[in-house]
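Q: what's the 3D shape of this:
(2 chains)
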Amino acid sequence: MVHPAFGPFLFDTSAESRIARSQNPAVKDWFAEYVALHPVHVSAITVMERVRGYALLARRATGRGRETVEAAQAAYLNELGHVYPVDTAVATVAGEIMALVPQPPTPPRRAHKLVESRQERLVRWRFDCIIAATALVTEMVLIHNNPADFESIRSAVEISPKRFPRLGPLGLIRCESRV
Amino acid sequence: MKHARRNNSTAKARTTITLPADSLKQAKQIARARKVNLSTVISEALENGLRMHRSAQRSEQVLDAYRKAFGGFSEEEVLLLDGIVLNNPGKRQ
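A: Residues are numbered from 1 along each chain as shown, chains lettered A, B, ... in the order given. Below you'll find the model as predicted:
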């Protein structure tokens, strides 16, 4: 169990929401201690994914439902911690990762009768590459909820050190180990 | 600058407070051991306590925002907030 004092960590999009929603007392205590010590660090990509999600939910909702979604989005944006931009360094590293692992390592998500399109899956994979690149460039450990995808990126970085001079290894903490 | 104007964080004020006798005794021992005056030890302890209080307040504020940001949504809706868009393949969106 990594103590919050070893942070700050970079939070992947789904890890941030999973930890924030956890009902596990140990996770709740860990997160309370973490935010007392550090801002939550995320990539601008996470903010983009999140705002897109709120916008899609707001479009589907009506009346008070829409107000609830808008209030939730405002709460998220008003208390954002540190947001890392996609700058030249991050873009360069992300491009290298995408060239090494062009296709998502896992299939599109499914739930009940719903399925993620291949196009959506590819886009989400590329967003994960940018988030991993942000962790590498900022030398932060990435807290994630997606072992198959991020372990693939870690392996790609490890077996191609010449493509990532002075960077890596990619530090990963799976939030399942915390939740 | 020799005569720098004191800002609020360095300005000092005199006051009278009542402390637990044991805490006061410990603070005096620390002051003697460190060869500083009692005010320094009490000020540092107070500043640490205030920092922890601010930190706890900040923590509660952030946690409350996260509760509002993610609390009222179903698992499927949170997937959408995580950037995972699921569609019914038989249905045109």
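Q: do you know how far the residue of chain A most remote from its centre is from chain B?
A: Ranking residues of chain A by C-alpha distance from their mean position (Cα atoms, centre = their mean) puts A:G63 at the top, at 30.8 Å. Noted for A:G63: a distance of 15 Å to chain B, by Cβ to the nearest Cβ, to the nearest Å. The way it works is simple: take the backbone N, C-alpha and C, and place the C-beta from them, glycine included.
Q: check the gap between that residue and B:V78 for me.
A: According to Cβ to Cβ, to the nearest Å, A:G63 stands 21 Å off from B:V78.
Q: can you check A:P8 too?
A: Separation of A:P8 from B:V78 (Cβ to Cβ): 23 Å.
Q: with B:R32 instead?
A: Relative to B:V78, and taking Cβ to Cβ, B:R32 is found at 57 Å.
Q: the more surrounded of those two?
A: Just comparing B:R32 and B:V78: by other Cβ atoms under 10 Å in any protein chain shown the higher neighbour count belongs to B:V78, 18 against 11.
Q: and the gap between the more buried one and chain A?
A: As judged by Cβ to the nearest Cβ, B:V78 and chain A stand 6 Å apart.
Q: got it, and B:T10?
A: From B:T10 across to chain A, the span is 26 Å (Cβ to the nearest Cβ).
Q: now do the SS call for that residue.
A: Secondary structure for B:T10, judged by DSSP: H, G, I helix; E, B strand; the rest coil, is coil.
Q: so where's chain B shaky on pLDDT?
A: Along chain B, the parts satisfying pLDDT under 70 run over B:1-9, B:91-93.
Q: spell out which parts of it neighbour chain A.
A: Neighbours of chain A within chain B, by Cβ under 8 Å from any Cβ of the partner chain: B:55-56, B:58-59, B:61-73, B:76-90.
Q: for A:T92, give me its contacts.
A: A:A133 (Cβ atoms under 8 Å, 6 or more residues apart in numbering or on different chains).
Q: 10 Å - rerun?
A: A:133, A:137, A:164 (Cβ atoms under 10 Å, 6 or more residues apart in numbering or on different chains).
Q: so it: helix, strand or coil?
A: Three-state call for A:T92 (three-state DSSP): helix.
Q: please report the distance of it from A:H112.
A: From A:T92 over to A:H112 (counting by Cβ to Cβ), the distance is 40 Å.
Q: ok, A:A135 to A:C129 distance?
A: Taking Cβ to Cβ, one finds A:A135 at 11 Å from A:C129.
Q: the more surrounded of these two?
A: A:A135 (30 against 27).
Q: what's the closest non-adjacent residue to that one?
A: Excluding its sequence neighbours, the residue lying closest to A:A135 (Cβ to Cβ, 6 or more residues apart in numbering or on different chains) is A:L142, at 4.0 Å.
Q: then B:G72?
A: Closest to B:G72 by Cβ to Cβ, 6+ apart is A:T68, at 6.1 Å.
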